[in-house]
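Engineer: sequence and computational prediction follow.
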Amino acid sequence: MGDTESESEQIRLKCIRKDGFFTVPPEHRLGRCRSVKEFEKLNRIGEGTYGIVYRARDTLTDEIVALKKVRMDKEKDGVPISSLREITLLLRLRHPNIVELKEVVVGTHLESIFLVMGYCEQDLASLLENMPTPFSEAQVKCIVLQVLRGLQYLHQNFIIHRDLKVSNLLMTDKGCVKTADFGLARAYSIPMKPMTPKVVTLWYRAPELLLGTSTQTTSIDMWAMGCILAELLAHKPLLPGTSEIHQVDLIVQLLGTPSENIWPGFSRLPLVGQYSLRKQPYNNLKHKFPWLSEAGLRLLNFLFMYDPKKRATARDGLDSSYFKEKPLPCEPELMPTFPHHRNKRAILATSEGQSKRCKP
Ligand SMILES: Nc1ncnc2c1ncn2[C@@H]1O[C@H](COP(=O)(O)OP(=O)(O)O)[C@@H](O)[C@H]1O
Ligand SMILES: [Mg+2]
């Protein structure tokens with residue numbers, strides 16, 4: 001779009017408080033947001049389903065940041081008001097274990113907006129794929145405690161992440177773990193449509209979601225937390241389902257068949273009739289983790305309660321005796337630092353594509 005062209009084109013916006021439209025004066029076209037041109041893109045670090053993420057330098061402050069382009073629904077004009085509400089909410093969140101959304105910047109087109117975030121050197125998905133030796137139990141405890149603290153803060157602020165998984169957990173070179181990519185999935189476009197044919201991973205999805213519950217609570221994040229803890233301990237995904245039916249079956253094989261007895265309301269969930277659940281009377285967590293302590297198994301089972309109402313909260317997780325027994329959680333500063341695989345990959349410009357974990 002040429003400058004003269006864009007200046008002659010009037011921007012009319014709908015008023016929120018009263019009916020009608022108003023014309024935006026040319027000097028206010030970009031609002032109070034800075035332009036993305038003030039950022040120097042260094043390399044691509046991630047491309048998920050809903051956005052491209054760059055490592056970038058803020059030319060004003062010289063700070064290294066992560067820049068995420070928010071993909072907008074093509075048919076809609078501009079930014080949906082729901083996205084703006086959600087972004088405004090996220091801008092107010094501040095917690096050491098939540099990725100910092102610093103500001104929103106705009107491109108030349110009205111519909112192109114970018115989120116500026118604090119930069120984290122690693123994400124746990126690329127890290128798990130590339131590290132030669134698994135995390136020690138002390139390191140796993142250190143990571144999980146930090147995720148739980150971030151979750152507790154989010155949940156206190158009535159935010160459900162909805163998409164917790166290892167690729168959305170970032171880690172700085174100082175060993176600080178931050179939850180990223182939260183609450184935003186809904187903001188990008190309603191209804192949510194995958195922008196690429198990649199299948200969103202099911203592996204962390206709570207049973208009530210698979211069975212079609214209409215009431216989403218913070219407990220869906222706690223289920224995902226259980227999957228992440230187990231994945232870090234075993235150094236491989238716990239429930240790598242390939243379809244919703246397979247996912248449900250894997251859960252039942254691991255934890256036993258749910259019943260109205262242990263999960264009141266279960267039989268009335270909308271999709272229960274669509275699955276024929278196998279009969280499996282046992283809980284097999286102990287066989288999967290024969291080396292794990294009683295307290296560790298208790299925590300996993302608490303996170304994997306079928307009934308969302310009985311499932312551990314973030315507070316319950318933090319209070320678990322698992323974190324008070326040996327091996328004690330290591331201090332974040334003592335976490336090892338790792339090579340920066342994502343940048344290396346970008347610099348070498350290899351086209352190996354997305355991480356294995358994103359594939360179905
Ligand atoms: N603040 C950040 N610092 C460093 N890397 C990031 C940051 N935010 C995202 N990334 C990288 O980009 C990837 C995709 O970002 P994410 O916010 O999860 O978007 P998507 O919705 O596409 O999954 C992440 O898995 C991570 O590797
Ligand atoms: Mg993501």
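Structural biologist: Cool, got the structure. Ligands and ions are numbered 1, 2, ... in the order given.
Engineer: so where do the strands sit in the chain?
Structural biologist: 12-14, 21-23, 39-47, 52-58, 64-70, 101-106, 113-118, 122-123, 169-171, 177-179 (DSSP state E).
Engineer: what angle do the fourth one and strand 113-118 make?
Structural biologist: Compare the direction of strand 52-58 with that of strand 113-118 by axes from the mean of the first three to the mean of the last three C-alpha atoms, to 10 degrees and you get 60 degrees.
Engineer: now do residue 313 against residue 176, distance only.
Structural biologist: 23 Å (C-beta to C-beta, to the nearest Å). Placement of C-beta: from N, CA and C, glycine included.
Engineer: check residue 280 too.
Structural biologist: On the measure of C-beta to C-beta, residue 280 and residue 176 end up 40 Å apart.
Engineer: got it, and residue 291?
Structural biologist: Residue 291 is 28 Å from residue 176, by C-beta to C-beta.
Engineer: same deal with residue 33?
Structural biologist: 28 Å.
Engineer: for the stretch 251-360 of the chain, give me the ranges with low pLDDT.
Structural biologist: 344-360 (pLDDT under 70).
Engineer: tell me, how many residues neighbour the closest residue to ligand 1 within it?
Structural biologist: Ligand 1 sits closest to residue 342 of the stretch 251-360 of the chain, with a gap of 6.1 Å, by C-beta to the nearest ligand atom. For residue 342, the neighbour count with other C-beta atoms under 10 Å is 21.
Engineer: correct me, but it touches residue 125?
Structural biologist: No: in this structure, residue 342 is not within contact of residue 125 by C-beta atoms under 8 Å, at 10.1 Å.
Engineer: spell out which parts of the protein neighbour ligand 1.
Structural biologist: 45-46, 48-51, 53, 66, 68, 99, 117-120, 123, 167-168, 170, 180-181 (C-beta under 6 Å from any ligand atom).
Engineer: so which residues of the stretch 101-250 of the chain form helices?
Structural biologist: 124-130, 137-156, 185-188, 207-210, 219-234, 244-255 (DSSP state H, counting those that start in this stretch).
Engineer: for the residue lying closest to residue 136 once chain neighbours are set aside, what are its contacts?
Structural biologist: Nearest non-adjacent residue to residue 136, counting by C-beta to C-beta, 6 or more residues apart in numbering: residue 327, 7.0 Å away. Residues near residue 327 by C-beta atoms under 8 Å, 6 or more residues apart in numbering: 136, 137, 138, 141.
Engineer: distance of residue 164 relative to residue 218?
Structural biologist: Counting by C-beta to C-beta, the gap from residue 164 to residue 218 is 11 Å.
Engineer: the two: who's more crowded?
Structural biologist: It is residue 164, of residue 164 and residue 218, that has more neighbours when counted by other C-beta under 10 Å, with 25 against 20.
Engineer: so the more buried one makes contact with residue 221?
Structural biologist: Yes: with contact defined as C-beta under 8 Å, residue 164 counts as touching residue 221 (5.4 Å).
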